[in-house]
Every structure is written in C-alpha cells, then in structure tokens.
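Q: only geometry, no sequence info:
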C-alpha cells in the first residue's frame, strides 16, 4: 500500500529536522526484535508465546 504524497512529505520533513530520531530508533529496535524472535523460532522450532503466565 502506497502512502499519499503528503504523508511521505511529512515523514521526510520530520526525519530531516531531527524529530524522527526516536521513530527511526524505535523502528530499528522493533525490526531487530523481530529478527531475534525469527532466528530463535528457527533454531528451537517453537514460537515465543504471545502471553506467558508463570507456573504456580
């Protein structure tokens, strides 16, 4: 799905002023976490639980 030109322009403005630093950092953190989980899933063959309850 393509972004409207105004949304792309707004994103580029935000990133060029420096306000997008947190956005980029958060996106990088999310992407790396996804890669870690994918590698762990491939290695052990089990997906991490979406919710976990400790045993009683």
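A: Yes, it's here. Computed from a predicted structure; not experimentally measured.
Q: where does residue 3 land on pLDDT?
A: Listed pLDDT for residue 3 reads 61.
Q: just residue 35 next, same as before
A: 88.
Q: kindly report the same for residue 13.
A: Looking at residue 13, its pLDDT reads 77.
Q: and residue 33, what is it in contact with?
A: With contacts defined as CB atoms under 8 Å, 6 or more residues apart in numbering, residue 33 has no neighbours. (C-beta placed from N, C-alpha, C; glycine too.)
Q: any idea how far residue 39 is from residue 24?
A: Residue 24 sits 23 Å away from residue 39, going by CB to CB, to the nearest Å.
Q: next: residue 16.
A: Residue 16 is 34 Å from residue 39, by CB to CB.
Q: all strands for the chain, in order.
A: Using DSSP state E, no strands are found in the chain.
Q: where in it is pLDDT low?
A: The model of the chain has pLDDT under 70 over residues 1-3, 17-20, 47-56.
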